[in-house]
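dropping a prediction and its sequence here:
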Amino acid sequence: MDLSVQIGSLRLANPLIAASGCFGYGVEYAEIVDLSSLGGVAVKGLFLSEREGHPPPRIVETPSGMLNAIGLQGIGVHRFVAERLPELRERNAIVIVNICGTTLDEYVEVARILSEAEGVHALELNISCPNIKEGGITFGCSLPGTHAVVSAVRKVTTLPVIPKLTPNVTDVASFARAAEEAGADAISLVNTFLAMAIDVHTRRPKLTNIVGGLSGPAIRPIAVRMVYECRRAVKIPIVGMGGIATADDVLEFMIAGANAVQVGTMNFVDPFIWAKLMDGIRSYMATHSIARLQDIVGAVDTTARDKAQEVKFSS
């Protein structure tokens with residue numbers, strides 16, 4: 001069975017990637033997950049300098065999901081390269097670094113530093129975090145801003161560039177096109193949805209940041225729809241994510257148009273999920289006599305809908 005995925009110059013052994021923000025820097029899970037068995041590890045977002053993030057409470061459980069406003073706490077790119085990257089190399093992980101910035105220059109500088117570091121395989125541009133006010137989301141909610149960040153980073157690296165798109169826009173497909181035109185090797189989507197939770201007894205927001213990002217199974221159908229829309233808009237690979245909990249969820253994203261997927265919130269629920277997902281994918285391939293997993297990408301059958309529309313317009 002061929003489960004491989006090609007993203008620019010990077011070949012993944014399988015489509016399962018640990019999602020940024022839900023898997024630490026990878027090393028935290030290394031004793032219970034064979035990092036080399038994953039398609040890739042998207043590490044926690046990095047700014048140029050260390051960042052404290054928001055004060056707690058900054059995580060709230062919601063029906064079928066989780067609301068977070070961590071605020072992109074992180075150790076900064078220099079400490080990551082010195083302290084975490086050596087162990088990731090040692091464990092033969094495919095490392096996709098999620099990079100952040102409050103300015104265009106910061107994105108470029110972080111990208112440049114990581115491009116010179118041994119063991120970094122791709123850059124995921126975080127232009128979509130909904131719970132910080134500076135940088136990131138400002139670029140991700142603007143078509144010119146998205147194009148500018150991708151284009152600027154593209155000029156300073158030969159690594160695959162994968163902008164992570166926000167769902168908090170009217171037409172996500174237009175942002176996918178802007179990223180492709182700017183030189184992206186792939187796109188990843190979706191990041192979390194801007195949301196809020198209130199304690200009815202105190203009448204106060206449950207998060208100190210007031211609002212945060214909603215993830216988990218609650219958002220999956222919307223994320224699948226957005227992947228489907230982007231697949232029809234661009235030719236570059238798509239990394240889909242949003243509430244994946246089972247092998248069927250992985251396959252649904254791929255049939256909608258994703259070449260690979262990221263699994264995030266479920267890492268907190270079941271850190272042993274990876275083997276279960278892989279077993280389910282292999283079982284599906286055997287049942288349906290599929291030799292190459294990429295053959296199902298974008299294979300959603302909309303003929304019934306198309307026929308219904310033909311009948312509607314002809315009558």
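Perfect, I can see it now.

quick one: the strands in the stretch 151-300 of the chain?
161-164, 187-189, 193-196, 198-199, 204-205, 211-215, 238-241, 260-263 (DSSP state E, counting those that start in this stretch).

identify the residues contacting the first one?
Taking CB atoms under 8 Å, 6 or more residues apart in numbering as the criterion, the residues outside strand 161-164 that touch it are 7-8, 20, 96, 98, 122-128, 140, 146, 149-150, 153-154, 179, 183-189, 191, 239. Placement of C-beta: from N, CA and C, glycine included.

so for it, mean pLDDT?
Mean pLDDT, strand 161-164: 98.

please enumerate the helices of the chain.
Residue ranges of the helices in the chain, as given by DSSP state H, are 76-79, 85-90, 104-115, 137-140, 143-154, 172-181, 220-231, 247-256, 266-269, 273-287, 303-314.

could those helices be laid out in a markdown table, adding mean pLDDT?
Rendered in a markdown table, the data for these read as follows (pLDDT from 0 to 100):
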| stretch | mean pLDDT |
| --- | --- |
| helix 76-79 | 98 |
| helix 85-90 | 98 |
| helix 104-115 | 97 |
| helix 137-140 | 69 |
| helix 143-154 | 95 |
| helix 172-181 | 98 |
| helix 220-231 | 98 |
| helix 247-256 | 98 |
| helix 266-269 | 95 |
| helix 273-287 | 98 |
| helix 303-314 | 61 |
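
can you say which of those is nearest to Lys206?
Counting by CB to CB, Lys206 lies closest to helix 266-269 out of the helices of the chain; the figure is 17.3 Å.

flag every buried residue along that closest one.
In terms of neighbour count (16 or more other CB atoms under 10 Å), helix 266-269 has its buried residues at 266-267.

likewise stretch 55-62?
Residues of stretch 55-62 classed as buried by neighbour count (16+ other CB under 10 Å): 58, 60.

so how far is it off the chain centroid?
Per CA atoms, centre = their mean, to the nearest Å, the displacement of stretch 55-62 from the mean C-alpha position of its chain is 21 Å.

what's around Ile7, how many residues?
Residue crowding around Ile7 was assessed by other CB atoms under 10 Å; the count is 25.

about what we covered before: just the buried residues of the contacts of strand 161-164.
For those, a burial check counting by 16+ other CB under 10 Å picks out 7-8, 20, 96, 98, 122-128, 140, 146, 149-150, 153-154, 179, 184-189, 191, 239.

ok, and the closest non-adjacent residue to the residue nearest to the spatial centre of the chain?
Geometric centre of the chain, nearest residue: Ser188, 4.8 Å, by CA atoms, centre = their mean. Sequence neighbours aside, Val239 is the residue nearest to Ser188 in space, at 3.9 Å (criterion: CB to CB, 6 or more residues apart in numbering).

residues in contact with that neighbour?
By CB under 8 Å, 6+ apart, Val239 lies in contact with 7, 17, 162, 186-189, 258-262.

next: Glu124.
Taking CB under 8 Å, 6+ apart, we find Glu124 in contact with 20, 42, 96-99, 162-164, 188.

of the residues you listed, closest to Val300?
Relative to Val300, the closest of the contacts of Glu124 is Ser188; by CB to CB it sits at 19.4 Å.

so how far is Glu124 from the closest residue to Gly26 other than its chain neighbours?
Once flanking residues are discounted, Gly26 sits nearest to Val41: 4.2 Å by CB to CB, 6+ apart. For Val41, the distance to Glu124 under the criterion CB to CB, to the nearest Å works out to 11 Å.
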